[in-house]
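# my questions are about this predicted structure, shown below with the sequence.
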Amino acid sequence: MIKVRPTAVAGSFYPGDRDRLAATVDGLLASAPQGTGKAPKALIVPHAGYQYSGPIAASAYARLRGASSSLRRVVLLGPAHRVHLRGLALPDVEGLATPLGIVPVDEEGAAVVSRLSQVTSSALPHAQEHSLEVQLPFLQRVLPGVPLVPLVVGSASAEQVAEVIEQLWEREDTLVLVSSDLSHYLPYDEARAVDRETADRILALDAEHLDTEQACGAIPMSGLLLAARRRGLRAQELDLRNSGDTAGDRSQVVGYGAFAFDTPQETA
């Protein structure tokens, strides 16, 4: 029997019933603009409850429809919300569970990055972490059976995160996926202004000027932006909204953005 990380937020961040979860994700994907052409090289997606950020996340995942034949690995990075962590952590399991089944861990990719000094293997940072878990049902619907390298990111430099990404990005069949929300608990209009500034920095591949006030996943995002800049990629904004636009009031909102990264000719 394989060692599996069980669900921690099924039934709260997303439906805990298998059929309802599949219908929810499929409905979100069906409502999103459908991508054309090749799958992107990387995506930034939000990670709140589906009623809040699901439509924004779906705008990114819709770009992966039909890509299961070309993608063989996903590198998934999200911030540590629950525990203090130095560096990046793999989960020390062989699979990650959701109500839709088990997502296999890519053992080859995990072995490659585990050689880096900033990467450890520990179940604790993953145990209650939602930033990775909420992405799994989307991946199961658009990339069924594709294994992933799941990394919770704590205190680390952009260079350390970029080094991890670059270890795995040499394969053309690898997608890098960063999980992050944007501003937190600002009034609606203020949040829109802050998130617009953050989005512009992402579009400029500005890895040096993001902080955790702008995005809870600023550290993995900065690493992705640095690696993307080195590879000559271009960022494209897919959606930029907040909880006041989807399912909450506008007195205090959380911002959500979806972005895709490709080579210039693929976004032209």
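Noted; the coordinates are in hand.

# which element is residue 112 on?
helix 107-113 (DSSP states H and E).

# sorry, that was for residue 185
strand 184-186.

# tell me what the helix holding residue 112 is packed against?
In terms of contact count using 3 or more C-beta pairs under 8 Å, 6 or more residues apart in numbering; DSSP states H and E, helix 107-113 is assigned the packing partners strand 88-90, strand 148-153, helix 158-168. Any C-beta I mention is one placed from the backbone N, CA and C, and that applies to glycine too.

# elements contacting the strand holding residue 185?
Strand 184-186 sits against strand 253-262, with contacts defined as 3+ C-beta pairs under 8 Å, 6+ apart.

# about what we covered before: what residues does the helix holding residue 112 touch?
Residues from elsewhere that reach helix 107-113, judged by C-beta atoms under 8 Å, 6 or more residues apart in numbering: 73, 75, 88, 90, 94, 119, 147, 149, 151, 164, 167-168, 174.

# next up, the contacts around the spatially most central residue of the chain.
Closest to where the C-alpha atoms of the chain average out (C-alpha atoms, centre = their mean) is residue 179, at 2.7 Å. Going by C-beta under 8 Å, 6+ apart, residue 179 touches 44-47, 76-79, 131-132, 134-135, 217, 220.

# hey, what's it bridged with?
Listed beta-bridge partners, residue 179: residue 45 (assigned using DSSP bridges).

# so how far is residue 108 from it?
22 Å (C-beta to C-beta, to the nearest Å).

# next one: residue 30
According to C-beta to C-beta, residue 30 and residue 108 sit 34 Å apart.

# host element of residue 104?
strand 101-104.

# from the contact counts, what lies against that strand?
Packed against strand 101-104 by the contact rule (3+ C-beta pairs under 8 Å, 6+ apart) you find strand 95-98, helix 136-142.

# again, 10 Å this time
For strand 101-104, the elements it packs on are strand 4-5, strand 95-98, helix 136-142, strand 148-153, judged by 3 or more C-beta pairs under 10 Å, 6 or more residues apart in numbering; DSSP states H and E.

# ok, that strand: who's next to it in the sheet?
Strand 101-104 is paired, per DSSP bridges, with strand 95-98 (antiparallel).

# which residues touch the strand it pairs with?
Applying C-beta atoms under 10 Å, 6 or more residues apart in numbering, the contact partners of strand 95-98 are 2-10, 14, 16, 18, 21, 76, 101-105, 126, 132-140, 147-148, 150.

# save the helices and strands packed on helix 107-113 as TSV, and put in mean neighbour count, mean pLDDT and distance to residue 189 too.
As requested, these are exported to TSV (neighbours: other C-beta atoms under 10 Å; pLDDT from 0 to 100; distance: least, C-beta to C-beta, whole Å):
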stretch	mean neighbour count	mean pLDDT	distance to residue 189
strand 88-90	24	98	36
strand 148-153	27	98	30
helix 158-168	20	97	30
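
# among these, which comes closest to residue 210?
Residue 210 lies closest, by C-beta to C-beta, to one member of those: helix 158-168, at 8.6 Å.

# that closest one to strand 148-153, inter-axis angle?
Put simply, helix 158-168 runs at 170 degrees to strand 148-153, going by axes from the mean of the first three to the mean of the last three C-alpha atoms, to 10 degrees.

# so what's the gap between helix 158-168 and the chain middle?
Centre-to-centre, helix 158-168 and its host chain are 15 Å apart (C-alpha atoms, centre = their mean, to the nearest Å).

# that one packs against which elements?
With contacts taken as 3+ C-beta pairs under 10 Å, 6+ apart, helix 158-168 sits against strand 73-79, strand 88-90, helix 107-113, strand 119-121, strand 148-153, strand 174-179, helix 218-230.
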